[in-house]
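Asks: Compute the structure for the input listed below.
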Amino acid sequence: MKSLGLLILIAPFIASCGDASSTPPITSDAVSQERISEIQQNIERLYPDKDENLKREILDVAVRAIDDIVFVEGGTFMMGDFKAPCDPVSTERMDWTPEAKCFSTYSSLESGAKFLHKVTLDSYYLSKFEAQLFDVDVYLHSLGLPFINGGREYLRDGDVFPKIKRKLHAFSASVSGWQEAKSYCNWLGEVTNIPFDLPSEAQWEYAARSRGENVYYATNNGYLQRKGGHYYDAEAAIYVDYKKEEWNYYSDERKVGIWPPNPLGIYDLTGGRREWVNDWFSVDYYKISPEYNPSGPEAGSMKTIRAGKTMTRFGVDPTTEDKIYGFRCSIQSSDF
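Replies: I've put the predicted structure just below:
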């Protein structure tokens, strides 16, 4: 499904949901009525005893997950640290040239990203947004798990929960460990019959670099233009403040989609959370990586995280309880 369809009004979830006039329809830019019916049937099969409000929430999350997917045409690129100017005026406004000889970040030496290698990927899809807090909560609710925020448990039918939802609307989700991120994407796959999964590390980098271009930040223009920041104009020998419409980064932002997307239409690959990907982590993997569709080492003790500011890589214990890492889902198919 490489092209988005026309706007479709989805019929009330199922007859048992109650009075259709009191339930506004779910809208979609990409999902056919046939697929909506299939998702509804899957939800009924998977959750026959759940209440109708939860079933409708699951449908809403599933449909938006498909709506928010971006097609990434496959191709070949050089993965890893492609070097940077050795003495840039600013590390936040660098342009690559063949004369670039220095590693772009010190972490390239420690993480193994210094081993530049050729990668060829098949086409796939990647979510334009990081997974959102209350979408992941619908998944947790379907498992009978509580909503916990700031270490405190809240009743979903209590008075406080709606206020939290309003306050944290469209905030990215932080998860406890790699498995929770993996399971959420796989859950979307189970509900939709579409091969949702975490992206591979190569897929993440290829998309962040707008199909493998030599850019240092996954922003709209390849530069880091901080909210309230400035840059040095070497020709005029003055510092120039960024205009509000030029801002594309702020380190503490947790709401998805605030800043412009990269040229592929994907948000927050720079400026969002550090994200889990599917691969096991190895410092030496780039030295032995196959060219076609690499998926990381077969095993390991750490899973790979791709960073939220620069495009650095590092490994983290997949069972960590630190709820600071986010993720986004992919579709492991060029057509669905």
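Asks: now His141, nearest residue through space, not along the chain?
Replies: Leu54 (6.0 Å; CB to CB, 6 or more residues apart in numbering). All C-beta spots, glycine's among them, are computed from the backbone N, C-alpha and C.
Asks: right, and the secondary structure at the one you found would be what?
Replies: helix (DSSP: H, G, I helix; E, B strand; the rest coil).
Asks: That one: neighbour count?
Replies: If you count neighbours by other CB atoms under 10 Å, Leu54 ends up with 15.
Asks: Check the contact between it and Tyr47; I expect there is one.
Replies: Yes. Using CB atoms under 8 Å, Leu54 makes contact with Tyr47 at a distance of 7.2 Å.
Asks: residues contacting the residue nearest to His141?
Replies: Listed by CB atoms under 8 Å, 6 or more residues apart in numbering, the contact set of Leu54 reads Tyr47, Val138, His141, Ser142.
Asks: quick one: which of those residues is nearest Asp268?
Replies: Nearest to Asp268 among those is Val138, at 20.5 Å by CB to CB.
Asks: Test my guess that that closest one contacts Arg64.
Replies: No. Here Val138 does not reach Arg64: they are 10.6 Å apart, not a contact under CB under 8 Å.
Asks: hang on, the earlier thing: closest to Val119 out of the contacts of Leu54?
Replies: Val138 (34.6 Å).
Asks: Dihedrals phi and psi, the closest one?
Replies: Note on Val138: backbone dihedrals following degrees, to the nearest 10 are phi -60, psi -40.
Asks: Report the contact partners of it.
Replies: Counting by CB under 8 Å, 6+ apart, Val138 makes contact with Leu54, Glu57, Ile58, Asp60, Val61.
Asks: what's the answer for Asp159, then?
Replies: Contacts for Asp159 (CB under 8 Å, 6+ apart) come out as none.
Asks: Tell me how far it lies from Asn149.
Replies: Distance of Asp159 to Asn149, computed by CB to CB, to the nearest Å: 15 Å.
Asks: likewise Ala84?
Replies: Ala84 is 39 Å from Asn149, by CB to CB.
Asks: Would you mind telling me which of the two has the busier surroundings?
Replies: Ala84 (20 against 16).
Asks: Show the contacting residues for that one.
Replies: Neighbours of Ala84 in contact, by CB under 8 Å, 6+ apart: Thr91, Met94, Trp96, Ala100, Cys102, Phe103, Ser104, Tyr216.
Asks: do Pro294 as well
Replies: By CB under 8 Å, 6+ apart, the neighbours of Pro294 are Val119, Ser200, Glu201, Ala202.
Asks: Which ones among those residues map onto helices?
Replies: Glu201, Ala202 (DSSP state H).
Asks: Of the contacts of Pro294, grab the buried ones for ChimeraX.
Replies: Remark: buried members of these, expressed as a ChimeraX selection using 16 or more other CB atoms under 10 Å:
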select :119,200,201,202
